[in-house]
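Student: okay, sequence plus prediction incoming.
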Amino acid sequence: MPELIFEDKQRHLVVERSSDYTPQFVEFLHNTLWGSGGVRYTMHNVADTLNRFKNPHFFNLHEKDKLVAVATLNRKTVYLNEEAYPAFFSYGIAVDPSKRGLGYGTLMAEQGLRYGLSQIGKKGLLYGYIEASNTNSLRTIAKVTRKSIGQYHILFISRLQPRDNFRLQKLNETMKEQLVPLLGKQYENHFLTDFDQSVKVDDYYVMKQGDEIIAGLQCERHQLTIKHMPGASGLILVKVLPFIPILRRLLPDRNLHFLTFGNIYFKNGMEAEIFSLMEALLARHQMNFAMIYMDKRSPVFQRLAKVSKFGILHALIDVPIHVMGFFKGFSDREIADIYQQPLFISMHDPV
């Protein structure tokens, strides 16, 4: 049964929380146009995204029994080194276009924050992602005192004719026991790590030398429909690429069929192997395009950038994303120290 967490009888508004989503909830997100000042797009396979959450909380705002806004929280644990913190990841605040400007987005952000903080005890945090160009959403989140704790960037991987690699193999449970400590060591001093929750053997692939894992990453398949992309990059992607035969398969009918890569690991000196692994996965999925999400302060990103085998789209597009957070029970010194650490972007947290 849904739980009533807010009611305004004068405005006929009701916010309910549930552990399950409805078909109407999925349809609402599917029809939402995301973004504002930058890239604008619609999402496909919304239910698959929601099903990734292990402990979800779905919020529905009804006005006179009509669904006018939705939001999602996912309960999880995040780490800085080996210190664990209870957390909620905030995802997908969406408002009916005909109801924008009425404060419904702020109301959903307020109710989500209040509910999340009530569930995490004396110390924890709530966080989520917002594109730096999405000024409307940034203003909404700022109203509930969530602040940027850092940025990550969407990095594009593209191959017109990706080649497979026979050394690619799927992770198994035995290899996972070897891999998770390697990831923990590689991303030490990164905030928001969650390898115990996000590494999935069904989606993770590695390359080995003998019994040693030398490179690995997690892979998921996605699709977006681009409605608008500003500037020269948008002109090239939306207006030019579809008319160049060899390139049009990167953006057929403005649809981006792409992979996302995360939980990236590579042994020192094996950075190039990651790009071989990415290319092989593109070949096996018969795709040409992928994204990875990284904080440019991260030493892991800096090592990859030196190899710089991202592909032709990498230099055309730079999409910064704010990680907006609210800390409960942290001292000012603890928060200041966290701000100095690079952020880890989890495969458990959809962008």
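Tutor: Right, received. Where do you want to start?
Student: for the nearest residue to residue 42 once chain neighbours are set aside, which three-state class applies?
Tutor: Excluding the flanking residues, the one nearest residue 42 by CB to CB, 6 or more residues apart in numbering is residue 225, at 4.8 Å. All C-beta atoms are positioned from the backbone trio N, CA, C, and that covers glycine. Three-state assignment for residue 225 (DSSP: H, G, I helix; E, B strand; the rest coil): strand.
Student: ok, residue 225 to residue 333 distance?
Tutor: Distance of residue 225 to residue 333, given as CB to CB, to the nearest Å: 45 Å.
Student: cool, residue 279 as well?
Tutor: Counting by CB to CB, the gap from residue 279 to residue 333 is 44 Å.
Student: so residue 290 sits against residue 260, correct?
Tutor: Yes - if you go by CB atoms under 8 Å, residue 290 and residue 260 touch, sitting 6.7 Å apart.
Student: those two: who's more crowded?
Tutor: residue 290 (27 against 20; other CB atoms under 10 Å).
Student: report the contact partners of the more buried one.
Tutor: 156, 157, 158, 258, 259, 260, 261, 278, 281, 282 (CB atoms under 8 Å, 6 or more residues apart in numbering).
Student: which of the residues you listed fall in helices?
Tutor: The helices, defined by DSSP state H, take in 278, 281, 282 from those.
Student: residue 225 and residue 333 - which one has more neighbours?
Tutor: The neighbour comparison of residue 225 against residue 333 (other CB under 10 Å) goes to residue 225, with 14 against 8.
Student: what is the more buried one paired to in the beta sheet?
Tutor: residue 42, residue 255 (DSSP bridges).
Student: residue 147 now?
Tutor: As for beta bridges, residue 147 partners with residue 325 under DSSP bridges.
Student: can you offset everything so residue one is 25?
Tutor: Sure thing, new numbering starts at 25, so read that last one as residue 171.
Student: dump the residue contacts of it.
Tutor: Contacts here follow CB under 8 Å, 6+ apart; on that basis residue 171 touches 348, 349, 350.
Student: give me the nearest residue to the first one, chain neighbours excluded.
Tutor: With CB to CB, 6+ apart as the criterion, residue 348 has its nearest non-adjacent residue at 4.5 Å, and that residue is residue 170.
Student: what is the host helix or strand of residue 345 packed up against?
Tutor: In this structure, residue 345 sits in strand 343-352 according to DSSP states H and E. Counting contacts by 3 or more CB pairs under 8 Å, 6 or more residues apart in numbering; DSSP states H and E, strand 343-352 is packed against helix 128-143, strand 148-155, helix 159-167, strand 171-182, helix 356-363.
Student: can you do 7 Å?
Tutor: strand 148-155, strand 171-182 (3 or more CB pairs under 7 Å, 6 or more residues apart in numbering; DSSP states H and E).
Student: mean pLDDT added to these, as TSV?
Tutor: Shown next, in TSV, are the helices and strands packed on strand 343-352 (pLDDT from 0 to 100):
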stretch	mean pLDDT
strand 148-155	94
strand 171-182	92
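Student: out of the ones you listed, which comes closest to residue 81?
Tutor: Nearest of the helices and strands packed on strand 343-352 to residue 81, taken as CB to CB: strand 148-155 at 11.4 Å.
Student: and the closest one, which strands flank it?
Tutor: Note on strand 148-155: by DSSP bridges, its sheet partners are strand 107-119 (parallel), strand 343-352 (antiparallel).
Student: the residue nearest to residue 66 and residue 65 touch, don't they?
Tutor: Yes - contact criterion CB atoms under 7 Å: residue 249 and residue 65 qualify, at 6.0 Å.
Student: flag the shaky bits of the stretch 225-374 of the chain, pLDDT-wise.
Tutor: The model of the stretch 225-374 of the chain has pLDDT under 70 over residues 251-279, 337-340.
Student: tell me where it has helices.
Tutor: Applying DSSP state H, counting those that start in this stretch to the stretch 225-374 of the chain gives helices spanning 255-258, 295-308, 323-331, 356-363.
Student: give me the angle between the longest one and helix 323-331.
Tutor: The directions of helix 295-308 and helix 323-331 differ by 80 degrees, with axes from the mean of the first three to the mean of the last three CA atoms, to 10 degrees as the criterion.
Student: render the CA-only coordinates of helix 295-308 in PDB, please.
Tutor: Provided in PDB are the C-alpha atoms of helix 295-308 (Å, rounded to 0.1, in the frame of the first residue of the first chain):
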ATOM      1  CA  GLU A 295      45.700   1.600 -19.700                       C
ATOM      2  CA  ALA A 296      45.600   0.900 -23.400                       C
ATOM      3  CA  GLU A 297      44.000  -2.500 -22.600                       C
ATOM      4  CA  ILE A 298      40.900  -0.700 -21.400                       C
ATOM      5  CA  PHE A 299      40.300   0.800 -24.800                       C
ATOM      6  CA  SER A 300      40.800  -2.600 -26.400                       C
ATOM      7  CA  LEU A 301      38.200  -4.000 -23.900                       C
ATOM      8  CA  MET A 302      35.800  -1.200 -24.800                       C
ATOM      9  CA  GLU A 303      36.200  -1.700 -28.500                       C
ATOM     10  CA  ALA A 304      35.600  -5.400 -28.200                       C
ATOM     11  CA  LEU A 305      32.400  -4.900 -26.300                       C
ATOM     12  CA  LEU A 306      31.200  -2.400 -28.900                       C
ATOM     13  CA  ALA A 307      31.900  -5.000 -31.500                       C
ATOM     14  CA  ARG A 308      30.000  -7.800 -29.700                       C
END
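Student: hmm, back to that, what are the buried residues along the strand holding residue 345?
Tutor: The neighbour-count check on strand 343-352 (16 or more other CB atoms under 10 Å) flags 343, 345, 346, 347, 348, 349, 350, 351, 352 as buried.
Student: thanks a lot, catch you later.
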